[in-house]
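**Student:** model this:
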Amino acid sequence: MKSSPHMVARAARQCKNWTMTVQRDEPDWFRMEHELDPSLPDDFSMPVLHRRSRDAYQHVGVGGWTGYWPPEDLAVRPDVEWTEEQKVLVLAAYREKWGRFLEPNHTYEINWPPEPYLVDDGYVVGGALVCNVHTDEGCMECDEFHEGGEVRPAEWTWSAMIEMYEWNGNSGFPESFEWFRFLTMRMDPREVDYEPFSTGRD
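**Tutor:** Just a heads-up that it's a prediction; the model follows:
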């Protein structure tokens, strides 16, 4: 039985927390990180994320998810631009890892673009006011303060379906498939777009 992208995405992982301002109007409040599968080259071009109009979706604030249904069920896939070059590199990375097990009449093919899954909706915890220079709650020297806090990033994983084809002359048919998770995207949880949700069961 082959694993789905959801099952792959639920594999054990470690998340680091960000200590940063929880004020969204700060110039650099939005942050994003990418983690590639080690099989991909270091110069792999990261996908371009296009921001949507925030008014069209719901978002979480300080305190995190408050909806009744699981957040991954209502999360809207990021508007990401993928390229043919990325497709070639992902397939090449998979072949490099597993190609030695192929029979002479078998090949790997990739379904593109990849599929995302929200594995962690993250959270934002507010904190006390701290000064901008010393990050000190009780600072008596500074005039400018911001709300401290902790942000654990939301995590999207991206997986491509790899199909193994068996060939008989010029005719080929898919024999099996597997999901290859090659990228983890971490972002501010307040930037995840959600379909409208309620706090109670509909």
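**Student:** C-alpha only now, for contacts and for neighbours.
**Tutor:** Noted.
**Student:** near Val119, how many other residues are there?
**Tutor:** Val119 is flanked by 20 other residues according to other C-alpha atoms under 10 Å.
**Student:** which elements pack onto whatever helix or strand it lives in?
**Tutor:** Using DSSP states H and E, Val119 sits within strand 106-120. Taking 3 or more C-alpha pairs under 8 Å, 6 or more residues apart in numbering; DSSP states H and E as contact, the helices and strands that strand 106-120 lies on are helix 5-9, helix 71-74, helix 84-98, strand 154-168.
**Student:** Val48 against Gln86, yeah?
**Tutor:** No: here Val48 lies out of contact with Gln86, judged by C-alpha atoms under 8 Å, at a distance of 11.6 Å.
**Student:** how close does the closest residue to Val62 other than its chain neighbours get to Pro153?
**Tutor:** Nearest non-adjacent residue to Val62, counting by C-alpha to C-alpha, 6 or more residues apart in numbering: Val124, 4.8 Å away. Between Val124 and Pro153 the computed distance is 8 Å (C-alpha to C-alpha, to the nearest Å).
**Student:** find the residues that touch each one of the two.
**Tutor:** Shared contacts of Val124 and Pro153, defined by C-alpha atoms under 8 Å, 6 or more residues apart in numbering, are found at Pro189.
**Student:** circling back: surely the residue nearest to Val62 forms part of a helix?
**Tutor:** No: inclusion of Val124 in a helix is not indicated when DSSP: H, G, I helix; E, B strand; the rest coil is applied; the result is strand.
**Student:** higher neighbour count, Val48 and Gln86?
**Tutor:** A count of neighbours by other C-alpha under 10 Å puts Gln86 above the other of Val48 and Gln86, at 17 against 11.
**Student:** how far away is that one from Gly127?
**Tutor:** Using C-alpha to C-alpha, we find Gln86 at a distance of 40 Å from Gly127.
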